[in-house]
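Student: Fold the stuff below for me.
(chains A and B)
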Protein chains: 2
Amino acid sequence: MKLATLPNGQPDGQLVVLSSDTRRCRAVPHIATTLQQALERWTDVEAALRAAAAALDTDEAAGLPFDAARALAPLPRAWQWLDGSAFESHGELMSRVFNLAPNEYGDRPLMYQGLSHRFLSGTADVPLPSTEDGIDFEGEFGIITDAVPMGTTPAEAAAHIRLLVLINDWSLRRIAPIEMKTGFGWVQAKPACAMAPIAVTPDELGPAWHDSRVQLRLQVDWNGQRFGAAHGGAMGFGFDQLLAHAAYSRDLVPGTVLGSGTVSNPNYRVVGSSCIAERRAIELLDHGESRTPYMRFGDRVAMQAIDEDGKAGPFGRIDQKVVPAHPR
Amino acid sequence: MKLATLPNGQPDGQLVVLSSDTRRCRAVPHIATTLQQALERWTDVEAALRAAAAALDTDEAAGLPFDAARALAPLPRAWQWLDGSAFESHGELMSRVFNLAPNEYGDRPLMYQGLSHRFLSGTADVPLPSTEDGIDFEGEFGIITDAVPMGTTPAEAAAHIRLLVLINDWSLRRIAPIEMKTGFGWVQAKPACAMAPIAVTPDELGPAWHDSRVQLRLQVDWNGQRFGAAHGGAMGFGFDQLLAHAAYSRDLVPGTVLGSGTVSNPNYRVVGSSCIAERRAIELLDHGESRTPYMRFGDRVAMQAIDEDGKAGPFGRIDQKVVPAHPR
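Tutor: Below you'll find the predicted structure:
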């Protein structure tokens, strides 16, 4: 099942179910008005949502045209956004370039809590204060949960993964290491993230949802140039393990969004990267200096999932432009 | 003006205004059903809320008895909880006892984002997984904002401080330093916080709201024994500065809760502490070892604000018991 959210003047927008080809959509207010509502009663509403989506496939005249460029983030705001850093090749590169101590606790996932009161749409401009801050994108896969009780095990956690999404985790790289050194994690370095327009149930990925990992590549283009296409299957911890880690001492609220961290593969020189900071780290290793600058105002970044044949995955596209928050 | 939230079966509860003596309350559904709603339209509703509260003082027969022990947290859930660590004497002690590097960036406030989808009431039991984790309380003052635009300056920020609250920031001390060393901040080490029952507008404090700091003591009792009464005025950064720091690269959503961090004073040997970890740090300095154990299941902690004459402040009391999350 494929879900999206359309603007209706309300902060949570209007939930719609999509046809399999994502060309048509239908609001389902008799089932749930918003995706948050659906997640709060998921086991009660899932069958009805699936039936409404299937009806769009049966009757080609049903529903309305779906314009992904008009969609909000599938979950335009969430009560909780927890972001992991589960790709080990990324972590190792970042530690080197930022001169951070290596993670002493490799048996524990890395995770922080970030801004969740707004997820930008996949096509929203990204207002940021200054290009001096090292503006960077970060391509990630993410999951959205129903209610996950405190103490849930990894084996139990998998069943709480209700939806998969594609996320651009905007980052300010010149502030990030300063905030890391405090031990408190990031506030200024992590502005609002964006989500690609379509959230899908795990079954939509078929064999590309395996081992609680998204087995697709995340293709990233920066100003129209291919930047990377790293594979999502390389997570050191699966989403099931990340969820259980998060739920150790808290109940997770329905609509919790949990991210994989920047998608990264050990053969980064071949597949490229999902953020500029990682490329700069590779340049530092290879050439003794980082050569690729961070983003300028007016720059665009595009992201989509693709399979091994280059066929687009089901999340739709992120395509965003960075703009000054305080134009002069 | 004094505000509280009563249970009504909904996650955000029922907003009530209180009489000056906090003995009576009144729901104001014609103005706002929940505190979150009021904060989203604060400039439109503040006068009406104040009038409704004043009417309780004029007519002693108006309203219903207010039972603080029945109240929820004034804001039972929030879109954003940002917690500072603005008391320098606390930071210095923690760095010593946890063997952390001193904060190299003393001109920047310390701040992390924490769990905000549930604030426990001031009397709620606190379910936690294990006493092995070093269960600790942390007494703090906090503010609640209306909408704060990205780029707000400290001078502008003061006007966005709409309500003041008293917070118990529950912490797991054996996990905290491990999560700090990752640089990502805390997830497992910071379960849900609690709030004392009454939120007040800054004018309720009179001269005890000065310099964007709460000029009251935070009195802490552990199992009926006085533990500390440190003064809230000793913040190295005021709430105005903390707010501006938080708003550097994000808009702050109405209902953002921002904490001072553990209230602590340089004369901690005289006034005591607002958390066990700080006392253990002092013992380590004084005796070469930490002697005070962390909390056991069944332990209680009580907190209230007091003035220099020992008179109770307007927030009401926190009085909570720690219980096992997974009873055997």
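Student: residue contacts, the residue of chain A found nearest chain B?
Tutor: With C-beta to the nearest C-beta, the shortest gap between chain A and chain B falls at residue A:185, namely 2.3 Å. Bear in mind the C-beta positions are built from the backbone N, C-alpha and C, glycine included. By C-beta atoms under 8 Å, 6 or more residues apart in numbering or on different chains, residue A:185 lies in contact with A:112-113, A:179, B:112-113, B:183-186.
Student: Which one among those sits at the bottom for pLDDT?
Tutor: Minimum pLDDT across the contacts of residue A:185 is recorded for residue B:183, with 91.
Student: ok, that residue - how many residues close by?
Tutor: Here the count is done by other C-beta atoms under 10 Å in any protein chain shown, and residue B:183 has 25 residues near it.
Student: Check residue A:207 too.
Tutor: For residue A:207, using other C-beta under 10 Å, the count is 7.
Student: Could you look up the SS state of it?
Tutor: Under the three-state scheme (DSSP: H, G, I helix; E, B strand; the rest coil), residue A:207 adopts helix.
Student: Which strand or helix spans residue A:91?
Tutor: Element membership for residue A:91 (DSSP states H and E) is helix A:88-97.
Student: Would you mind pulling the contact partners of that helix?
Tutor: With contacts defined as C-beta under 8 Å, 6+ apart, helix A:88-97 is touched by A:85, A:100-103, A:110, A:234, A:236, A:261-266, A:268, A:274-275, A:277-278, A:280-282, A:284-285, A:290.
Student: Show me which of these are buried.
Tutor: Neighbour-count burial (16 or more other C-beta atoms under 10 Å in any protein chain shown) applied to the contacts of helix A:88-97 gives A:85, A:100, A:103, A:110, A:234, A:236, A:261-265, A:268, A:274-275, A:277-278, A:280-282, A:290.
Student: Model confidence score at the nearest residue to residue A:247 once chain neighbours are set aside, please.
Tutor: Using C-beta to C-beta, 6 or more residues apart in numbering or on different chains and skipping residues adjacent in sequence, the residue nearest residue A:247 is residue A:152, 4.5 Å away. For residue A:152, the pLDDT comes out at 98.
Student: Residue A:152: how many residues sit nearby?
Tutor: Per other C-beta under 10 Å, the neighbour tally for residue A:152 reads 22.
Student: Correct me if wrong: it contacts residue A:244.
Tutor: Yes - at 5.7 Å, residue A:152 counts as touching residue A:244 under the criterion of C-beta atoms under 8 Å.
Student: for the helix or strand harbouring residue A:167, what is the average pLDDT?
Tutor: In the assignment (DSSP H and E), residue A:167 maps to strand A:161-168. Across strand A:161-168, pLDDT averages out at 98.
Student: Just give me how far it sits from the chain centre.
Tutor: Here strand A:161-168 is found 6 Å from its chain centre; the criterion is C-alpha atoms, centre = their mean, to the nearest Å.
Student: Next SSE downstream of that strand?
Tutor: strand A:171-172.
Student: Tell me the helices and strands packed up against that next one.
Tutor: The contact analysis (3 or more C-beta pairs under 8 Å, 6 or more residues apart in numbering or on different chains; DSSP states H and E) places strand A:171-172 against strand A:135-136.
Student: ok and the helix or strand just after the strand it packs on relative to strand A:161-168, angle-wise?
Tutor: Using DSSP H and E, the helix or strand that follows strand A:135-136 in sequence is strand A:139-145. Counting by axes from the mean of the first three to the mean of the last three C-alpha atoms, to 10 degrees, strand A:139-145 points 150 degrees away from the direction of strand A:161-168.
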